[in-house]
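Engineer: model the following, please.
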Amino acid sequence: MRLFLAVLVGKLIRIVAKLRGGGSAIPGRIAMLIEPKLLSKTLGSLKYGVIFVSGSNGKSTTTALVAGTLASQGLKVFSNPSGGNMPQGIGSAVIGQATLAGALNADVAVLEVDEAYGEVLAPFVAPSWVVLTNIQIDQLNRFFEPDRVFGMLHAAASSATNGVVINGSDANLIDIGLMLTNAPVAQVKVLEKALSKWPEGALAAPRFGKGDVVNNLPVSVSVIDEIDGVATLSLGGASSSVQLPGKGLHFAIDTALAFSVAEQILGSSFDIEAASRAISNQQTVYGRGEIAKYQGVEIQILMMKNPSSMRATLVAMEDPETAIWIAMDEGTPDPSWIYDIDLSRIGSVKMISGSRAWHWATRLSYFGISPENVEPDSKQALAQYVAFLKANGKRGTLLTNYEQMMAIRKLMGFLDLESGK
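Structural biologist: This next block holds a predicted model:
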């Protein structure tokens, strides 16, 4: 009865929240107050269990790739929307798809989980599998040091019942994998040929206080190469070329992680060619290379949430981008990291917006780039930038932090975050 009431109330609140254009986490928060066991009662009996995807960067993309890969194998997949990676956001996603009796039409759940919440969620819905993307320097105002994230991800991985899949190019994750005893660990190996094309490797946070570690974890998938958004992956002696959602080694690693966990779950029935076709047709996660169409123009939205994601975005650019729009607000409490970034891939900046606009204007001036316009009001900035693109027949490029990305997408009329539209 309590589950029925929680789902019913959650669905009603969800309708009201959608009409008001926000509050996507509120239905889950209220429903879980009514029924604290909402997640375990709805997700706990799925045939192939629950997969947690966590790490500093790449959670949203990897979650989408895991979901797409498993769907290509004929499984019915439940997943939470990008960004809804805390308990209340996951609860809201459950409310959106569950029947009033709390049943989900799914074989497996693939959940993007915030780094700090894996060990919080595990007692409510124990993961069968945990996929770890990386540990990078991120949100220092929140986590202080990568070592704290190391502890959080180790705790989350320790709750896996069937297996753990890690990015083997990250020394921190190798250490976690070697420490685990609760379930088998498999790694995605990135070959030197692929790593050498990236001047900063796979952008992992340094691992201090450790000598040489013997990495004897079994390899499930190898990233052989990545060229212009096409990855060559090797699994079980067979190789496959995969058109990635975007350019860059990070997309290849995320795809390899997806293939790895799918192969761990399905064994010899995993069809790598079907998975490759599915990934080739998969759209980017919103804000992660997404092409947004608005008033007759196209704007590519690229997130910059920390030094690693910014570097990965810039390195993936073929040539210096011109007429860029940069947006950043207080959602980035400490923007000092922008001074650590090589901006040589930025040719010119047409617009800077958000409450941190002048921080970026100052940074660019030190690098020898003079932005044409600084407009803290992003609504005005959007109007001016679109007018410029129309007049010049150009496609725009928006580099933005998460909060400005959400605000600007809303200004464009993309209100439904659960569908990304």
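Engineer: so Val261 touches Val131, yeah?
Structural biologist: Yes. In this structure Val261 lies within contact range of Val131 using C-beta atoms under 8 Å: 5.3 Å. Where C-beta positions appear, they are placed from N, C-alpha and C, glycine not excepted.
Engineer: compare the two (neighbour count), which wins?
Structural biologist: Val131 (33 against 30; other C-beta atoms under 10 Å).
Engineer: partner strands of the helix or strand harbouring the more buried one and their direction?
Structural biologist: Secondary structure from DSSP states H and E places Val131 in strand 129-132. Strand pairing for strand 129-132, using DSSP bridges, gives strand 50-54 (parallel), strand 163-167 (parallel).
Engineer: okay, and the common contacts of Val261 and Val131?
Structural biologist: By C-beta atoms under 8 Å, 6 or more residues apart in numbering, Val261 and Val131 have these common neighbours: Ile51, Val66, Val165.
Engineer: export the residues you listed as a markdown table, with columns for pLDDT and distance to Ala109.
Structural biologist: Listed next are those as a markdown table, based on pLDDT from 0 to 100; distance: C-beta to C-beta, whole Å:
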| residue | pLDDT | distance to Ala109 |
| --- | --- | --- |
| Ile51 | 97 | 7 |
| Val66 | 97 | 11 |
| Val165 | 97 | 16 |
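Engineer: distance to Ile299 and neighbour count added to those residues, as JSON lines?
Structural biologist: As requested, these are exported to JSON lines (distance: C-beta to C-beta, whole Å; neighbours: other C-beta atoms under 10 Å):
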{"residue": "Ile51", "distance to Ile299": "32", "neighbour count": "30"}
{"residue": "Val66", "distance to Ile299": "28", "neighbour count": "30"}
{"residue": "Val165", "distance to Ile299": "34", "neighbour count": "34"}
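Engineer: tell me how many other residues crowd Leu195.
Structural biologist: Using other C-beta under 10 Å, Leu195 is surrounded by 15 other residues.
Engineer: that one and Leu121, how far apart?
Structural biologist: 33 Å (C-beta to C-beta, to the nearest Å).
Engineer: do Phe251 as well
Structural biologist: In terms of C-beta to C-beta, Phe251 sits 26 Å off from Leu121.
Engineer: I'd like the average pLDDT over stretch 189-208.
Structural biologist: Mean pLDDT, stretch 189-208: 70.
Engineer: sorry, that was for stretch 95-113
Structural biologist: What stretch 95-113 shows for mean pLDDT is 91.
Engineer: got the buried residues for it?
Structural biologist: Buried positions in stretch 95-113, judged by neighbour count with 16 or more other C-beta atoms under 10 Å: 95-96, 98, 102, 104, 106-113.
Engineer: again, but for stretch 18-38
Structural biologist: Within stretch 18-38, judged by 16+ other C-beta under 10 Å, the buried ones are 18, 24-32, 34-35, 38.
Engineer: do stretch 235-242 as well
Structural biologist: For stretch 235-242, a neighbour-count test (16+ other C-beta under 10 Å) marks Leu235, Ser240, Val242 as buried.
Engineer: restricted to strands, list those residues.
Structural biologist: Among the buried residues of stretch 235-242, DSSP state E puts Leu235, Ser240, Val242 in strands.
Engineer: tell me the spacing between the first one and Asn281.
Structural biologist: For Leu235, the distance to Asn281 (C-beta to C-beta) stands at 20 Å.
Engineer: need the next SSE after the lowest-mean-pLDDT helix or strand in the chain, C-terminal direction.
Structural biologist: Among the helical and strand segments of the chain, the one scoring lowest on mean pLDDT, DSSP states H and E is helix 140-143, with a mean of 57. Next in sequence after helix 140-143, counting helices and strands by DSSP H and E, comes helix 146-157.
Engineer: in that next one, which residues are buried?
Structural biologist: Buried residues in helix 146-157 (16+ other C-beta under 10 Å): Pro146, Val149, Phe150, Met152, Leu153, His154, Ala156, Ala157.
Engineer: if we only consider those, which is nearest to Gly91?
Structural biologist: Nearest to Gly91, judged by C-beta to C-beta, of those is Ala156 at 18.0 Å.
Engineer: if I look at the closest one, how far off is Ala126?
Structural biologist: For Ala156, the distance to Ala126 - C-beta to C-beta - is 11 Å.
Engineer: just Glu35 next, same as before
Structural biologist: 18 Å.
Engineer: swap in Met317?
Structural biologist: In terms of C-beta to C-beta, Met317 sits 41 Å off from Ala126.
Engineer: for Trp337, same thing?
Structural biologist: Relative to Ala126, Trp337 is positioned 36 Å away (C-beta to C-beta).
Engineer: likewise Ser54?
Structural biologist: Using C-beta to C-beta, Ser54 is found at 15 Å from Ala126.
Engineer: looking at those two, which is more packed in?
Structural biologist: Set Ser54 next to Ala126 and count neighbours by other C-beta under 10 Å: Ser54 wins out with 29 against 16.
Engineer: confirm for me that the more buried one is in contact with Trp129.
Structural biologist: No. Assessed by C-beta under 8 Å, Ser54 is found out of contact with Trp129, at 11.4 Å.
Engineer: wait, a strand at Trp325?
Structural biologist: Yes. Per DSSP: H, G, I helix; E, B strand; the rest coil, Trp325 lies within a strand segment.
Engineer: Provide a list of residues in contact with Gly413.
Structural biologist: Gly413 touches Tyr294, counting by C-beta under 8 Å, 6+ apart.
Engineer: checking it next. Helix, strand or coil?
Structural biologist: coil.
Engineer: so how far is Arg395 from it?
Structural biologist: For Gly413 relative to Arg395 (C-beta to C-beta), the value is 19 Å.
Engineer: contacts only, for the residue nearest to Ser269 when sequence neighbours are not counted.
Structural biologist: Spatially, and ignoring its direct neighbours in sequence, Ser269 is nearest to Gln73 (7.4 Å; C-beta to C-beta, 6 or more residues apart in numbering). Under the criterion of C-beta under 8 Å, 6+ apart, the neighbours of Gln73 are Ala262, Leu266, Ser269, Phe270, Asp271, Ala274, Ala275.
Engineer: who wins for neighbours among those residues?
Structural biologist: Busiest of the contacts of Gln73 [other C-beta under 10 Å] is Ala262, holding 30 neighbours.
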